[in-house]
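J.: show me the folded form of this:
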Amino acid sequence: MYLYADKVKMFLKQQGWTPERFAEELDVEVSEVEKMLNGEYLDVDTARKFVMFFKVPLVLGYVDFTKCGVKNPFTK
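T.: Model prediction:
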């Protein structure tokens, strides 16, 4: 899964969190948060934890469906 890096950065800024803190919250390695911040591909485990953290309705705004190569299934 790919995320909009700018939105993840904004979230961290709003929370006052470091990448290390966010990694703790998600229970992932800091390198996985760095992937989010660089717009890189996330593995299934990290993507699952991200979705569970934000819950489905909110997480949809972070997913870059175009970069993932799929149409957003929640739009017409």
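
J.: how about the contacts made by residue 15?
T.: Residues in contact with residue 15 (C-beta atoms under 8 Å, 6 or more residues apart in numbering) are residue 22. For every residue, glycine as well, the C-beta is placed using N, CA and C.

J.: give the contact list for residue 67.
T.: Residues in contact with residue 67 (C-beta under 8 Å, 6+ apart) are 2, 39.

J.: now do the helix or strand hosting it, average pLDDT.
T.: Using DSSP states H and E, the element containing residue 67 is helix 65-68. Across helix 65-68, the average pLDDT comes to 85.

J.: only the C-alpha atoms, please, for that helix, written as CSV.
T.: Provided in CSV are the C-alpha atoms of helix 65-68 (Å, rounded to 0.1, in the frame of the first residue of the first chain):
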residue,chain,number,x,y,z
PHE,A,65,-5.0,4.5,-4.8
THR,A,66,-3.5,5.7,-8.1
LYS,A,67,0.0,4.9,-7.0
CYS,A,68,-1.3,1.5,-5.7
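
J.: alpha carbons only: can I get stretch 37-46 in PDB?
T.: Provided in PDB are the C-alpha atoms of stretch 37-46 (Å, rounded to 0.1, in the frame of the first residue of the first chain):
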ATOM      1  CA  LEU A  37       7.200   9.600   5.000                       C
ATOM      2  CA  ASN A  38       9.000   8.900   1.800                       C
ATOM      3  CA  GLY A  39       5.900   7.600  -0.100                       C
ATOM      4  CA  GLU A  40       7.400   4.200  -0.400                       C
ATOM      5  CA  TYR A  41       5.500   0.900  -0.600                       C
ATOM      6  CA  LEU A  42       4.300  -0.600   2.800                       C
ATOM      7  CA  ASP A  43       4.200  -4.300   3.400                       C
ATOM      8  CA  VAL A  44       1.000  -6.000   4.300                       C
ATOM      9  CA  ASP A  45       1.700  -6.100   8.000                       C
ATOM     10  CA  THR A  46       2.500  -2.400   8.300                       C
END
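
J.: contacts for it?
T.: 1-5, 8-9, 12, 19, 26, 28, 32, 35-36, 50, 64, 67.
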